[in-house]
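1. Provided below for reference: sequence and predicted model.
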Amino acid sequence: MSPVRTVVQGEAAEGTIGPERVLLLKPQTFMNDSGRSVAEAAHFYKVPVGRIVVFHDEIDLAPSKVRVKTGGGVAGHNGLRSITAHVG
């Protein structure tokens, strides 16, 4: 991974996973406004909306459990709501 850079209202680092180039972003905005950071990073790094993957906490899951989904609603999660509003 490259050094962490703070250019998009968050900490961003670039690297590779196998043959794929990846960008990791940790927004430094309030969680309810994280979409602003995600949108700025997508624009700055020219990441198409369809290539954005969001990882977030889920209080309804037991520890060490993971749920993977594509699309769907925000289920009351204000951070996801912000990302949807800013990115689409």
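-> Received, thanks. Numbering: from 1, shown residues only.

2. quick one: the helices in the protein?
-> Remark: helices assigned in the chain by DSSP state H are 34-44, 78-87.

3. for residue 61, find the nearest of those helices.
-> Proximity to residue 61 (CB to CB) singles out helix 78-87 among the helices of the chain, at 14.8 Å. From N, CA and C alone the C-beta is placed, and that goes for glycine too.

4. for that closest one, packing partners?
-> helix 34-44 (3 or more CB pairs under 8 Å, 6 or more residues apart in numbering; DSSP states H and E).

5. who's in contact with the helix it packs on?
-> Residues outside helix 34-44 that contact it (CB atoms under 8 Å, 6 or more residues apart in numbering) are 7-10, 12, 23, 25, 27-29, 47-49, 52, 54, 79, 81-87.

6. may I see the helices of the chain organised as TSV, with distance to residue 19 added?
-> Below are the helices of the chain laid out as TSV (distance: least, CB to CB, whole Å):
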stretch	distance to residue 19
helix 34-44	21
helix 78-87	25
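
7. okay, those in CSV with mean neighbour count, distance to residue 65 and mean pLDDT next?
-> Formatted as CSV, those follow (neighbours: other CB atoms under 10 Å; distance: least, CB to CB, whole Å; pLDDT from 0 to 100):
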stretch, mean neighbour count, distance to residue 65, mean pLDDT
helix 34-44, 20, 23, 91
helix 78-87, 18, 18, 86
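
8. how about those, which one is nearest residue 62?
-> Smallest distance to residue 62 across those (CB to CB): 20.3 Å, for helix 78-87.

9. center of the chain - which residue?
-> The residue lying closest to the centre of the chain (CA atoms, centre = their mean) is residue 54, at 4.1 Å.

10. that residue touches residue 84, doesn't it?
-> No: taking CB atoms under 8 Å as the definition, residue 54 is not a contact partner of residue 84, at 9.8 Å.

11. in this protein, what residue sits furthest out from the centroid?
-> Here the chain reaches farthest from its C-alpha mean at residue 62, the gap being 21.8 Å by CA atoms, centre = their mean.

12. contacts only, for that one.
-> Applying CB under 8 Å, 6+ apart, no residues contact residue 62.
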